[in-house]
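Return a 3D structure for these sequence lines:
(chains A and B)
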Amino acid sequence: MTAPTTTTTDRPTLGADDYKVADLSLATFGRNEIRLAENEMPGLMSLREEFGASQPLAGARIAGSLHMTVQTAVLIETLTALGADVRWVSCNIFSTQDHAAAAAVVGQGTSEAPTGTPVFAWKGESLDEYWWCTDQLFKFADGQGPNMILDDGGDATLLVHKGVEFEAAGVVPNPNTAESEEYAVILKLLTRTLSETPDRWTKIAVDIKGVSEETTTGVMRLYEFARANKLLFPAINVNDSVTKSKFDNLYGCRHSLIDGINRAVDVMIGGKVALVLGYGDVGKGCAESLRGQGARVIVTEIDPICALQASMHGYQVARLEDVVSTADIFITSTGNKDIITAEDMGKMKHQAIVGNIGHFDNEIDVVGLARTPGIVRNTIKPQVDEWTFSDGHSIIMLSEGRLLNLGNATGHPSFVMSTSFTNQVLAQIELFAHGERYETDENQVYVLPKHLDEKVARLHLDALGIQLTELSKEQAAYIGVDVAGPYKSDHYRY
Amino acid sequence: MPASGRVEAIDRIASARRDMPLVAGMPSCHPAPGPLSGRVIAACVHLTPETVVLVETLRGLGARLRLCAANPLSTQDGVASYLRRLPGVEVILGTADWDGYRWAVEEVASQGADLVIDDGADLILAVQASPDHAGRPLLGACESTSTGALRLQAAQDSGSLGVPVFAITRSAAKRLYDDLHGTGQSVLDALLRTTNLLLAGRVAVVAGYGTCGRGIASRLRALGAQVVVTEISPQAALEASLDGLAVRPMAEAIGDADLVVTATGSRDVLTEQHLIRAKNGVILANAGHFDVEIDVDWLRGTGPGTAVRPGLVSYSLPSGQDVLLAAEGRVVNLAAAEGHPPAVMDVTFATVALCLLELGAADPKTSATTGLQHYSAGVHSVPAHIDTTVARLALVHAGVALDVPTNAQQAYLRTWGGPVRAGTNRDHAE
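Model (predicted):
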């Protein structure tokens, strides 16, 4: 790493090894969009105001792995405004907005002398590049590692946990035995670090005070670690804040699913049959937006409660195999794997559109599709591929089966990301500045306390002109709550 | 007449007057003696409280009226006797059968009329046929029903319709208020009253995606039903499809249906060939005007049926299923609920009154009447400017303000030809 040189701004100029993005000259465009987004992210901007002076994150070294978008740039700059030192990567190879990454790196400086945040992310990374980037998260100045992780999908957390596990074992499994191409890349990386610094991850893990996790998939990993008593530091499950999953997952996907489909293929959605696989919060948002465009939506579910909900919302609930040849649009939103197989895609209508909005790319078997004998891939444009089967019929795959709302469009809109990210910042403050609240013998996964969840919502009311009714003391006493909240019990479902 | 009957009628008329501000408020817009002063209107109408409000308004606009009843069964005695006491109103009632109806129509027609309000076209044709029109050449008429409009169209095609007739069903107001929202809401009301069925999660088949079908389908979906449409018209089927609804043939759809509502205006929509494929427990209801959409005779032929709730009879089919028929297959919103709310009749009758003014009011500049000058003999849709006026009145009474185009905006729109929004009724439809 080159030695930082001081410029006229109060932040040091980043050296050439301190970042890797597509093109720093995009920074002006990125900064303009960040400026617009700031107005749409009232929660984050309120936190800058509230905590700017007290600097609760001073001393925090945050390793952030979360889609490097314009909205994320506002999150990053909120964390730094609260005193944190931050390094950042995307948690998906396609989700980086290169202009946002450039602006985050340039910060208040210039393309020639950037003074912003070390970001390692560009749209269209290879898997090797992706994990190289993730590795850069753990290289703070003076040989230090991070003391906090802000994760989305759990890749940064996973790398630390796997690193520690293999260091304890003294050996990394042979990459050739990996169950997936991606895991092989991880094993290769850890093989290298083990040979270079045999206790690298163990030392890093000791320093880490906690992780705040953004999404359902990452949360599932954390609970698995916790159940096995293998969680190395406390975690806050941001995903299950009401102001995250009931907003980001539902309203965010409602907005960005349609945006992604339209930008990718621009087909008329009205009159089409759309199959939404999975009717959790994300699936609910997807179904609503597709119906809003006039599609006839069919839902698949494994969970009787969600299936009944879909039915009560007026959707047909069917099995994939029964409608695979009649639907025009397929959207996976399960958080599970092997949802649409290559064989399924072989039975689809000509030019059926197939996309995934779940976090990982294992919901649709793109690898199996590529292995289908006689299949031909024709890239229409980036992130839109037509795969033609030997019988002449084709399907249109969006973002190679990776989450299409980020791959084909720009992800969730700023406002909804403000609700999510305000939770993230509050979780980082909780874990870093009030770590004692989360210290137990065995590390656990927590959710933010209800009053903070309500606070996140409250910070977004003014921007929408929402007038809240206040409880009288008598009314508050009658339902047994404080006038200032929290208003609901922890298990209330909204 | 028992005193109580008339008191009740007076209350109901007062209530209708309150609920029909468009019609009731019309006379106040015209100075006495009124634009219909000296005109005689012959009317074949349902003698209901809402009709009284229309009659009072036409009186207020200066006309005299001679009335007969469109349907003896719909005549409400208290209403008839109330009307008889109004100055300038004659009510001619025959016996409560077909002969009595014909006699009353002929009796009204024999005196001639300047204008006619009709319900089924009998009176218009009778007035036209009466020798020398009793010295009053007929200026024009309004026909309230689709069936009547079809008969008049046939008369026109054979060259025997001599006056302009406005088909009241062919108006934006009718489509919007009556079919889409009036029928939509009242059919739902009737379904809930007769079946008390939780609609969420059920498969509801709507036969026919005309304006009525659309109103019904949108309400069923809003309550969580999975709506399937059956259609014969490619345009309507496409519209249903683009609205996100499944469109299937009835023979297929019936097998999944928990509920079928017919709204086609046709006949034999649900017959034996469909019903034998029905799911056990399916509920059938008809929202069309006549009771020929569901083959009720065939159902009755399967056995006596069991009344399971008021207005709901279960038939056991030879194929093993039970099929539940609402309101004997008669138009369900009228037979099992209260039909259209008064606001719907307000808009319909406001359209009638404005059409009569269009046909029969003296032009203040020329003293000539406008009817035959502007409208050829034949069946006409309600003119767009009347639709616009009705909508404007409805907005005023609803307290809804709208923007007014500037002169520059109006000129801009005219550069593409024609005045602002001068197009067809379709411009103003839903």
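
Residues of chain B that sit close to chain A?
When proximity is defined as CB under 8 Å from any CB of the partner chain, chain B approaches chain A at B:200-201, B:203, B:221, B:224-227, B:238, B:241-246. Backbone N, C-alpha and C define where each C-beta goes, glycine included.

among those residues, which are in helices?
If you go by DSSP state H, those have B:221, B:238, B:241-242 in helices.

With distance to B:Val400, pLDDT and neighbour count as extra columns, can I get these in TSV?
TSV is the format used below for these (distance: CB to CB, whole Å; pLDDT from 0 to 100; neighbours: other CB atoms under 10 Å in any protein chain shown):
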residue	distance to B:Val400	pLDDT	neighbour count
B:Arg221	26	96	20
B:Leu238	32	93	15
B:Ser241	32	95	21
B:Leu242	28	93	17
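
out of the residues of chain B next to chain A, which are buried?
Buried by 16 or more other CB atoms under 10 Å in any protein chain shown: B:201, B:203, B:221, B:224-227, B:241-246, out of the residues of chain B next to chain A.

which two from those residues end up farthest apart in space?
Of all pairs drawn from these, the greatest distance, 23.9 Å, lies between B:Gly201 and B:Leu242 (CB to CB).

In which helix or strand does A:His161 reside?
In the assignment (DSSP states H and E), A:His161 maps to helix A:155-169.

That helix: what's the following helix or strand?
With elements assigned by DSSP H and E, the helix or strand that comes after helix A:155-169 is helix A:181-196.

residue contacts, A:Leu194?
Counting by CB atoms under 8 Å, 6 or more residues apart in numbering or on different chains, A:Leu194 makes contact with A:166-167, A:171-172.

can we see that at 7 Å?
Residues in contact with A:Leu194 (CB atoms under 7 Å, 6 or more residues apart in numbering or on different chains) are A:166-167, A:172.

Equivalent analysis for A:Asp152, please.
A:65-67, A:91, A:214-215, A:218 are the contacts of A:Asp152 under CB under 7 Å, 6+ apart.

rewinding a little: give me the contact list for the helix holding A:His161.
Under CB under 7 Å, 6+ apart, the answer for helix A:155-169 is A:63, A:65, A:91, A:134, A:137, A:149, A:151, A:172, A:186, A:190, A:193-194, A:198-202, A:204-205, A:208, A:211, A:221, A:225, A:230, A:232.

In that helix, which residues are buried?
A:155-164, A:166-167.

and of those residues, the nearest to chain B?
Distances from chain B to the buried residues of helix A:155-169, taken as CB to the nearest CB, are shortest for A:Asp155 (37.6 Å).

And the buried ones among the residues of chain B next to chain A, which is closest to A:Leu452?
With CB to CB as the yardstick, the closest approach to A:Leu452 among those comes from B:Gly224, at 34.3 Å.

Verify the contact between the closest one and B:Gly201 for me.
Yes. The pair B:Gly224 and B:Gly201 passes the contact test of CB atoms under 7 Å, sitting 6.2 Å apart.

For PyMOL, write the selection for the buried entries among the contacts of helix A:155-169.
Command for PyMOL, covering only those of the contacts of helix A:155-169 found buried under the criterion 16+ other CB under 10 Å:
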select buried, chain A and resi 63+65+91+134+137+149+151+172+186+190+193+194+200+201+202+204+205+208+211+221+225+232
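
okay if I get the buried residues of helix A:155-169 as JSON lines plus pLDDT?
Formatted as JSON lines, the buried residues of helix A:155-169 follow (pLDDT from 0 to 100):
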{"residue": "A:Asp155", "pLDDT": "96"}
{"residue": "A:Ala156", "pLDDT": "98"}
{"residue": "A:Thr157", "pLDDT": "97"}
{"residue": "A:Leu158", "pLDDT": "97"}
{"residue": "A:Leu159", "pLDDT": "97"}
{"residue": "A:Val160", "pLDDT": "98"}
{"residue": "A:His161", "pLDDT": "97"}
{"residue": "A:Lys162", "pLDDT": "97"}
{"residue": "A:Gly163", "pLDDT": "97"}
{"residue": "A:Val164", "pLDDT": "97"}
{"residue": "A:Phe166", "pLDDT": "97"}
{"residue": "A:Glu167", "pLDDT": "97"}
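
Assign B:Asp291 to helix, strand or coil.
Three-state assignment for B:Asp291 (DSSP: H, G, I helix; E, B strand; the rest coil): coil.

what's the distance between A:Gly124 and B:Ala353?
69 Å (CB to CB, to the nearest Å).

quick one, which of the two is more surrounded?
B:Ala353 (25 against 13; other CB atoms under 10 Å in any protein chain shown).

Next one: the more buried one from B:Cys68, what distance?
For B:Ala353, the distance to B:Cys68 - CB to CB - is 19 Å.

again, but for B:His374
Here B:His374 is placed at a distance of 29 Å from B:Cys68 (CB to CB).

And these two? Which one has more around it.
Legend: neighbour count by other CB under 10 Å for B:His374 and B:Cys68, higher for B:Cys68 (28 against 14).

Doesn't that one belong to a helix?
No. The assignment for B:Cys68, made by three-state DSSP, is strand rather than a helix.

any idea how far it is from chain A?
For B:Cys68, the distance to chain A equals 47 Å [CB to the nearest CB, to the nearest Å].

What is the least confident helix or strand in chain B?
Every helix and strand of chain B was ranked by mean pLDDT, DSSP states H and E. The lowest is helix B:371-374, at a mean of 66.

And the contacts of the helix or strand following it?
Using DSSP H and E, the helix or strand that follows helix B:371-374 in sequence is strand B:378-381. For strand B:378-381, contacts defined as CB under 7 Å, 6+ apart pick out B:149, B:152-153, B:156, B:161, B:164-167, B:170-171, B:425.

how far is strand B:378-381 from where the chain is centred?
Relative to the centre of its chain, strand B:378-381 is centred 17 Å away, using CA atoms, centre = their mean, to the nearest Å.

Downstream of it, the next helix or strand is which one?
With elements assigned by DSSP H and E, the helix or strand that comes after strand B:378-381 is helix B:384-398.

now for the next helix-or-strand element following that next one, which elements pack on it?
Where DSSP H and E defines the elements, the next helix or strand beyond helix B:384-398 is helix B:407-414. For helix B:407-414, the contact count by 3 or more CB pairs under 7 Å, 6 or more residues apart in numbering or on different chains; DSSP states H and E identifies no helix or strand as a packing neighbour.
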